[in-house]
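S.K.: Mind folding the following:
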Amino acid sequence: MTVSPRLDPRDSTTATVSIILLSALRWNLTERCLQSIYENTPGHDLEIIVVDMGGSPDAENGLRDHATRDDRIRLVMNQHNMGTSRGRNQALEVATGEFVVFLDNDAVVCPHWLDALLRAAQVDNGIGLYGGKLICSNDHVYFCNRYVHDVVRDGRRYVGVNVTAPFFRDDPEVNTEELVPWYPTGCLMGRRRDLEAIAGFDERFRFVEEDKDLSLRMRELGKEILYVPGCEVIHDRGQDAVYDASIRFKNIAELQRDVHDFEKRWRCRVELIYSRECLESLGYAPELIEDMLGGPLKDLFTVIDETP
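M.R.: Numbers count the residues shown, from 1 in each chain. Below you'll find the predicted structure:
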């Protein structure tokens, strides 16, 4: 691993916000994400830490080019994929911001996205993590407050996702700030001191469940998770299955281990409740839905089809 120094001559200063991206293949999407940050985050003292997970000369060359042109960018270069949790922790170890934002590299941030998160964090009122509303380019909501749950049924705890009702970005149900039991790292902000207090991500979770585990450990610390709908980020995962096909689902044994370790630690079952109508509204093609729900996922955790 090599880490680029801060190129800003004010070496003794710190950024207000550290934005952390993982670059794993798909350089075109990472570059698109970076461009959206440049365009839609004016007036903030930022550092953008990009962790390259190796395997793509195009990504490596592109990142080094961006770093020479924008002194807010810091690079952590790996020769191979260290896993999601380790990669984010590498960035957290060198971050200087008071706030840290974890952002998926296939996301596109919308205007005022960071303003909304920082406004919600103006008062340190026991909130440990702040999650933005993830939307699709067709204005359907990809992830929001209504899609996460941590419930007990028949004496058993279930932590997971319930995507049975499609929502549009302007629907009232998804536009109220409220506490949620956990939130994914598609766009998730926390104070660096709180993230360090729980030692960042648990690196036993290499590909999945690291976001749920981070949220539950933050709650264990006495800090809550707040959903902030004013922060909007476009996240069209249904249109691009490259990462899942080439990395995650080729490591099914590690995925199974991640889920097993999470369920054992938190004494729960990981659960996906869905309707095909909702998945289709998010841009998932019928073939991808069949492959996703009839393939590796059905063997990973509890899958419930609530299609009418």
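
S.K.: got a list of what residue 219 touches?
M.R.: Going by C-beta atoms under 8 Å, 6 or more residues apart in numbering, residue 219 touches 128, 181, 225. (Glycine included, C-beta is placed from N, CA and C.)

S.K.: how far away is it from residue 60?
M.R.: Using C-beta to C-beta, to the nearest Å, one obtains 38 Å as the distance from residue 219 to residue 60.

S.K.: Find the nearest non-adjacent residue to residue 133, please.
M.R.: residue 229 (4.5 Å; C-beta to C-beta, 6 or more residues apart in numbering).

S.K.: Inside strands: which ones of the contacts of residue 219?
M.R.: 128, 225 (DSSP state E).

S.K.: Name only those of the contacts of residue 219 that count as buried.
M.R.: 128, 225 (16 or more other C-beta atoms under 10 Å).

S.K.: Quick check, residue 53 in contact with residue 77.
M.R.: No - the criterion here is C-beta atoms under 8 Å, and residue 53 misses it with residue 77 at 9.4 Å.

S.K.: Look at the two and report which has more neighbours.
M.R.: residue 53 (23 against 19; other C-beta atoms under 10 Å).

S.K.: And the more buried one, what's its pLDDT?
M.R.: You'll see residue 53 listed with a pLDDT of 87.

S.K.: list the contacts for it?
M.R.: So residue 53 contacts 22-24, 78, 80-82, 87 (C-beta under 8 Å, 6+ apart).

S.K.: Could you rerun that using 10 Å?
M.R.: By C-beta atoms under 10 Å, 6 or more residues apart in numbering, the residues touching residue 53 are 22-25, 59, 76-84, 86-87, 105, 247.

S.K.: Using PyMOL, define a selection of the buried residues within those residues.
M.R.: Buried subset of those, written as a PyMOL selection, criterion 16+ other C-beta under 10 Å:
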select buried, resi 22+23+24+25+59+76+77+78+81+82+83+84+86+87+105+247
